[in-house]
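A.B. asks: here's my sequence, what's the structure:
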Amino acid sequence: MASPEHSGSAPGRTGTHDRRTNPMGAYVAAVGVLIFLISVFLDWFSVTEADETISGYDSDGAIPFTAYLGVGLVVALLYAISRARGKQHRGLTLTAMAVGIAATLLALSNLFDATGIASGDVEVEVEIGVWISLLGGIVWSVGAGLLAKEPEGDDDWRGAAVTDGRH
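C.D. replies: Residues are numbered from 1 along each chain as shown. Sure, this is the predicted structure:
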């Protein structure tokens with residue numbers, strides 16, 4: 001049972017915590033996801049021979065999927081901030097960071113080779129959308145990384161966790 005001396009979640013730990021996660025990293029990640037999401041609908045490539053531009057949405061299905069996955073992760077991060085004891089869930093934060101890094105690499109790869117476009121026989125130039133998505137992916141990754149370095153809300157904030165009730 002929980003008592004004033006014990007929180008009930010881990011023997012040997014008190015129920016009071018003097019540190020909570022600073023949620024700023026989640027907000028920075030949310031801004032990065034928003035930037036990446038907006039970039040999906042901008043021009044990513046232009047085909048010089050056809051005088052045509054192609055948005056990230058139309059060039060490759062992985063691009064909007066990555067943005068929508070980011071939106072879902074941000075919603076989950078913000079929910080965790082409101083519900084988790086320490087204002088974060090480490091697994092979710094690290095997942096958001098991993099997907100942010102993947103989004104950054106997706107944008108970076110499109111700088112060198114247009115995905116979803118048969119660029120072998122047509123000349124394709126990179127447009128502003130790729131650069132903005134790269135910025136969004138970087139901001140997203142950095143924000144999730146800032147959140148990941150914060151305390152999670154586990155019982156081991158003050159040193160090694162005691163699992164058998166001894167000090």
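A.B. asks: check the closest residue to L108 other than its chain neighbours and give its pLDDT.
C.D. replies: Distances taken as C-beta to C-beta, 6 or more residues apart in numbering place L134 nearest to L108, at 6.2 Å, with adjacent residues excluded. Quick note: C-beta positions are derived from backbone N, CA and C, even for glycine. Looking at L134, its pLDDT is 97.
A.B. asks: which strands and helices sit next to the helix or strand harbouring L134?
C.D. replies: Assigned by DSSP states H and E, L134 belongs to helix 128-148. Judged by 3 or more C-beta pairs under 8 Å, 6 or more residues apart in numbering; DSSP states H and E, helix 128-148 is in contact with helix 24-40, strand 43-47, helix 56-59, helix 62-83, helix 90-112.
A.B. asks: and the residue nearest the centre of this structure?
C.D. replies: A96 (3.2 Å; C-alpha atoms, centre = their mean).
A.B. asks: and the lowest mean pLDDT element among the helices and strands of the protein?
C.D. replies: strand 124-126 (a mean of 87; mean pLDDT, DSSP states H and E).
A.B. asks: which strands and helices sit next to that one?
C.D. replies: Strand 124-126 sits against strand 43-47, with contacts defined as 3+ C-beta pairs under 8 Å, 6+ apart.
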